[in-house]
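# only geometry, no sequence info:
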């Protein structure tokens, strides 16, 4: 018989205690169907029914109640081990690989990681940051090439868990001579009437905007194509064209280069960035970094984006 999966046992115990798959799914931030599949697989493994549906939810079968009692102790012991290791901050050592989009790295992520590494208890910790597009970040976390990732939440992340990180807004960035410089807000349709500076590696974002009719069928008039955010902002400062990028990133350079940052008021322009990681994460270093990043920015920033749907999550 195959070894029991600890995550499955933990979810099974939680379902037995709550007598509801739906409530556990909401609390654990996973899809209810994923929990159902895990329990079905466990039943197939043991060749016996473990839960049955009742009017108010679910209840364990006699065999399920026995398993729940035994599994509860196992799950509790595993949690105690993880918590014990987490409390020993001074003993934390090792290397952690984090994948992130270049916009996140260039705006708040680098400073937030630096503040984590500068804590006295983390002197022996090394964090490797790999920049890649959001869809590649997800795949890197899924296949284990990265312990965790940071992405914009317009990316599909099934099979992974997440924590909210920070909110941002897309802006059009122009120099002091541009007609949009005095606007408090604008729409993308306003910006594309002018010459643009575009990013070589952001065409997937442009395709997404066209699918949502944000820019219709017309093409941006790109006067210059660049490969980095800094180059795009520098080109905008020189008057080559307007440049589209996140507000937090633009403000890093705005004062030094006399740039005007005009937030876009399109519905899609509000971004929730999130930290993604595998289900059942027990690495104490990774757990501490997730907690650190998720508490770096004001919770009201996140609350303003609660109305937007998050990517669906399921356990693998």
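It's in. Note that this is a predicted model, so its numbers are computed, not measured.

# and the helix or strand harbouring residue 262, what does it pack onto?
Following DSSP states H and E, one finds residue 262 within strand 260-263. Strand 260-263 sits against strand 160-174, helix 247-257, with contacts defined as 3 or more C-beta pairs under 8 Å, 6 or more residues apart in numbering; DSSP states H and E. Glycine gets a C-beta too; all of them are placed from N, C-alpha and C.

# got the angle for the longest one vs helix 247-257?
The one in question is strand 160-174. Following axes from the mean of the first three to the mean of the last three C-alpha atoms, to 10 degrees, one obtains 30 degrees for the angle between strand 160-174 and helix 247-257.

# quick one: buried residues of strand 160-174?
If you call a residue buried by 16 or more other C-beta atoms under 10 Å, then strand 160-174 has these buried ones: 160-162, 164-174.

# those helices in the stretch 1-150 of the chain, which residues are they?
Assigned helices in the stretch 1-150 of the chain, in chain order: 6-18, 21-28, 32-46, 62-87, 102-104, 110-117, 134-142 (criterion: DSSP state H, counting those that start in this stretch).

# packing partners for the first one?
Contacts of helix 6-18 with other secondary structure elements, assessed using 3+ C-beta pairs under 8 Å, 6+ apart, are made with helix 21-28, helix 32-46, strand 57-60, helix 62-87.

# Including mean pLDDT and distance to residue 113, could the ones you listed go into TSV?
Below are the helices and strands packed on helix 6-18 laid out as TSV (pLDDT from 0 to 100; distance: least, C-beta to C-beta, whole Å):
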stretch	mean pLDDT	distance to residue 113
helix 21-28	91	27
helix 32-46	93	31
strand 57-60	93	42
helix 62-87	84	19
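
# Let me know how buried residue 29 is, in neighbour terms.
The burial count assigned to residue 29 is 13, neighbours taken as other C-beta atoms under 10 Å.

# I'd say residue 253 and residue 230 touch.
Yes - using C-beta atoms under 8 Å, residue 253 is in contact with residue 230, at 7.2 Å.

# residue with max distance from the center of this structure?
Of all residues in the chain, residue 62 has its C-alpha farthest from the mean position, at 40.1 Å, by C-alpha atoms, centre = their mean.

# For the helices and strands packed on strand 260-263, please prepare TSV with the additional fields distance to residue 68.
Shown next, in TSV, are the helices and strands packed on strand 260-263 (distance: least, C-beta to C-beta, whole Å):
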stretch	distance to residue 68
strand 160-174	23
helix 247-257	46
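
# quick one: contacts for residue 276?
137-138, 141, 148-151, 157, 160-162 (C-beta atoms under 8 Å, 6 or more residues apart in numbering).

# For the residues you listed, which entry has the maximal number of neighbours?
Neighbour-wise, the contacts of residue 276 (other C-beta under 10 Å) top out at residue 149, 30 neighbours.
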